[in-house]
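> this is a predicted model, with the sequence first.
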Amino acid sequence: LGRTTISITRRPKTNNTITSSRGDVMPPTRYRVTTRQTRVRHPSRVAAWLVICLMLGFGVAVVDARVSKLDTHHSSSNLDPPSLVRRHTKPRHAPPTPFRHCGGTLGGTKQPCVYHPPAHTSVDVNTGTAEGTSKGPPMTRCELRLLEQPLDHFSFGNTETFQQRYFLCALDQFAPHKPALYFYTGNEANVELYVNATGVMWETSQFNPELNAALVFAEHRYYGGSRPKSMDDSSLSKKQRLAFLTSEQALADYAVLIRHVREVDLRRVGDTGIGRVGDYNDSDNGDTGKDGADETETGNTFAERKHRTGNKYNPEKLAVIVFGGSYGGILSTWMRLKYPHLVDGAVAGSAPVWSFMGEVPSVNPNTFASGVTFDASAWGGSGALCEGTVRAGFAELIGRIDDESLSEESSQVLTGTNTRYREPSVTDSYDSVTKALRLCPASAIKNSQDILTAAYWLQDSFDYLAMGNFPYPDSYILMGDGELPAFPFRKACGGELSDPATKRKGGSALIAALADFADVYYNYSRDLKCFEINSGGPNSETAEDTNLWDWQFCTEMFMPSARDGVVDMFWRQPWNLTEQIARCYNEWGVVPKQTWANTLFGGRRLHSASNIVWSNGALDPWSGLGVSHTTDFDGVLNPERSLEAIWLQNGAHHLDFFWSREDDDDELVHARATERELITRWIKKKHSRHGSNVAVE
């Protein structure tokens, strides 16, 4: 046994580099840590000293052996020193979502998200697989409808309304005597995306007679074609134009729509033959548009309209199961919590419901970045060298930033990151970075700010390929504009990132390896000769064309996000509450309601809930912020209340929501079977409470 004496002394501030015992060059730290090992005569003293240390609140940090530098991590808050706040890492927009480049905009309508379902979207009624049917693509089995909704559900001072789009689908699967409805709680994109992509709803509704159901895909207010007129009123401020874009209002839209479908659509559509796309408009408060068009089977109608509801249909007996992935999964969870009298169960895929401020214990803002890093590890299926090479690559790139040259508006302190401390060499020129990243002339690196922009551009490719790390070629993350290969993150981690010679070469070879990774994401068409790193994001044709999801983040969906270059492979990007509040106010004129989501919906306090199943996958960086057996610290999961969690070891972002394939692995097949079993139980429970088939006239 031995006693370890730890001495921590403050050193004068210096710009001199430090060389570790392993020969690694590290930035200077403000503290010197020395240890001295001495013999201990009495082993009991070890326990005594440990107790004393714990009583004094002394913490011992054990740093992973892979990290060869001492990092002092500052926890940013309202109490941060002014100098740190001013020089904090560049404020980023809201955490990444798959739909960042195709959501709704101000000042104009962007191209909608388009996802083309796989060729096997016809589903066999008996087996739930894609063999031997002629049902046809999803869109051919749907009717686009409009419902007039109040812009503000919660006051009487605003009388503006808007037309909410929704698709009513698969009525040939609707059984009036055992009525069920599967309802997709649309999220931050055009609703057509979900009609085509959410194969789990289509396949479940046709799996067996007990699961037969009509489908509704509802569009989230302000996205796609569900745009209030005031949204495009340039005489109003951005805050005025988006004031009613909240999750509360969206949930109220869905509640009103469920009642409308239950009490109007499912009774009237079979009797009157309504089916013409776009000509149906009815309101929860009475008819305000056309009342169903003419009563002939004309226009774009269902190919099969065998059922007539008549007096067999009792709206009170309708079992409603909501589905949602990602933000939509959050909304599905909240719909079951907020409107349990309308919603009988919820299936939430990759829903980061525990990602908001106000949680106990507090949200770890590094969770997402740690999840991306997992995909780059051998545990995540990538080459054993990928993670380490990526770390070295970002350290090399960020190390070429001259901190003093960054702009005042987005200056970086990058404390604990290797900046301005490396000896200059011929490879440290801006031209060498441009060449290594294969940038087009318009995107050439001219200063340190450009290097930082390039670093964020590279980082985005890691984030999106992690979310889209599906086991088969797919276009979901690219919104149908191309196709990523199977396990795209693993493919991108190959080549130079998995070559041991890359780290030995160092310098620009490391930066070029990062560009090779980004090439899988940005150059999916294989047509790009060089990269334009300033072309992504909102439409540059109008200054008002900005990201609506960032508005939601800055108002109520306030989700802490950070990176530190220690538990993740990027560089220091701390969560700074003060600066994020300032950014939101400067961008939108609002101050975030920091803990409102937790206050309104309970956060981890879900013990009173029931009939919700959450699915998450180990390859999805959002999974650490969702409900799973590893994140359930308070015993929320409870089979007796039908609160269940499904874990997919090879699953990326809501993989189980997509169409089934013949080569799906056993855990994915089992996950969908579990979801069907729970849905069957919920439907039977609802029908057992309303045994009578007496119609409501």
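Cool, got the structure.
> residues contacting the closest residue to Thr555 other than its chain neighbours?
Distances taken as CB to CB, 6 or more residues apart in numbering put Val590 closest to Thr555, at 5.7 Å, once the chain neighbours are dropped. No exception for glycine: its C-beta is placed from N, CA and C like everyone else's. Neighbouring residues of Val590 by CB atoms under 8 Å, 6 or more residues apart in numbering: Lys239, Trp551, Cys554, Thr555, Cys584.
> in three-state terms, label Val590 for me.
Three-state assignment for Val590 (DSSP: H, G, I helix; E, B strand; the rest coil): coil.
> give me the number of residues near the nearest residue to Gln649 once chain neighbours are set aside?
Among residues not flanking Gln649 along the chain, Ala618 sits closest, at 5.0 Å (CB to CB, 6+ apart). Neighbour count of Ala618, defined by other CB atoms under 10 Å: 21.
> is Ser326 in contact with Leu655, as I believe?
No - judged on CB atoms under 8 Å, Ser326 makes no contact with Leu655 at a distance of 11.9 Å.
> can you give me the strands for the protein?
Using DSSP state E, the strands of the chain run over residues 2-10, 18-19, 25-26, 31-39, 142-150, 161-169, 180-185, 214-218, 281-283, 319-325, 345-349, 612-617, 643-648.
> lowest-confidence helix or strand of this protein?
Counting by mean pLDDT, DSSP states H and E, the weakest-scoring helix or strand in the chain turns out to be helix 82-86, with a mean of 26.
> okay, buried residues for the longest helix belonging to the chain please.
The residue-count maximum for a helix in the chain (DSSP state H) belongs to helix 666-689. Buried residues in helix 666-689, counting neighbours by 16 or more other CB atoms under 10 Å, are found at Leu668, Ala671, Arg672, Glu675, Arg676, Leu678, Ile679, Thr680, Trp682, Ile683, Lys686, His687.
> can you give me the helices in the stretch 551-697 of the chain?
Using DSSP state H, counting those that start in this stretch, the helices of the stretch 551-697 of the chain run over residues 577-588, 596-601, 666-689.
> now the longest one: mean pLDDT?
Mean pLDDT, taken over the full extent of helix 666-689, equals 97.
> any low-confidence regions in the stretch 251-400 of the chain?
269-311 (pLDDT under 70).
> kindly report the same for the chain.
For the chain (pLDDT under 70), the answer is 1-116, 118-136, 269-311, 403-428, 535-546, 691-697.
> distance to Asn158 added to the helices of the stretch 551-697 of the chain, as TSV?
Shown next, in TSV, are these (distance: least, CB to CB, whole Å):
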stretch	distance to Asn158
helix 577-588	19
helix 596-601	20
helix 666-689	35
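> closest to Asp527 out of those helices?
Among the helices of the stretch 551-697 of the chain, helix 666-689 comes nearest to Asp527, with 32.9 Å by CB to CB.
> please save the CA atoms from that closest one in PDB.
The C-alpha trace of helix 666-689 is given here as PDB (Å, rounded to 0.1, in the frame of the first residue of the first chain):
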ATOM      1  CA  ASP A 666     -33.500 -10.300 -35.500                       C
ATOM      2  CA  GLU A 667     -33.500  -7.500 -32.900                       C
ATOM      3  CA  LEU A 668     -35.200  -5.100 -35.400                       C
ATOM      4  CA  VAL A 669     -37.800  -7.700 -36.200                       C
ATOM      5  CA  HIS A 670     -38.400  -8.400 -32.500                       C
ATOM      6  CA  ALA A 671     -38.700  -4.700 -31.800                       C
ATOM      7  CA  ARG A 672     -41.500  -4.200 -34.300                       C
ATOM      8  CA  ALA A 673     -43.200  -7.400 -33.000                       C
ATOM      9  CA  THR A 674     -43.100  -5.900 -29.500                       C
ATOM     10  CA  GLU A 675     -44.600  -2.700 -30.700                       C
ATOM     11  CA  ARG A 676     -47.400  -4.600 -32.400                       C
ATOM     12  CA  GLU A 677     -48.100  -6.600 -29.200                       C
ATOM     13  CA  LEU A 678     -48.400  -3.400 -27.200                       C
ATOM     14  CA  ILE A 679     -50.600  -1.700 -29.700                       C
ATOM     15  CA  THR A 680     -52.900  -4.700 -29.900                       C
ATOM     16  CA  ARG A 681     -53.200  -4.700 -26.100                       C
ATOM     17  CA  TRP A 682     -54.100  -0.900 -26.100                       C
ATOM     18  CA  ILE A 683     -56.700  -1.300 -28.800                       C
ATOM     19  CA  LYS A 684     -58.300  -4.300 -27.100                       C
ATOM     20  CA  LYS A 685     -58.400  -2.400 -23.800                       C
ATOM     21  CA  LYS A 686     -60.200   0.600 -25.500                       C
ATOM     22  CA  HIS A 687     -62.700  -1.600 -27.300                       C
ATOM     23  CA  SER A 688     -63.400  -3.600 -24.100                       C
ATOM     24  CA  ARG A 689     -64.500  -0.300 -22.400                       C
END
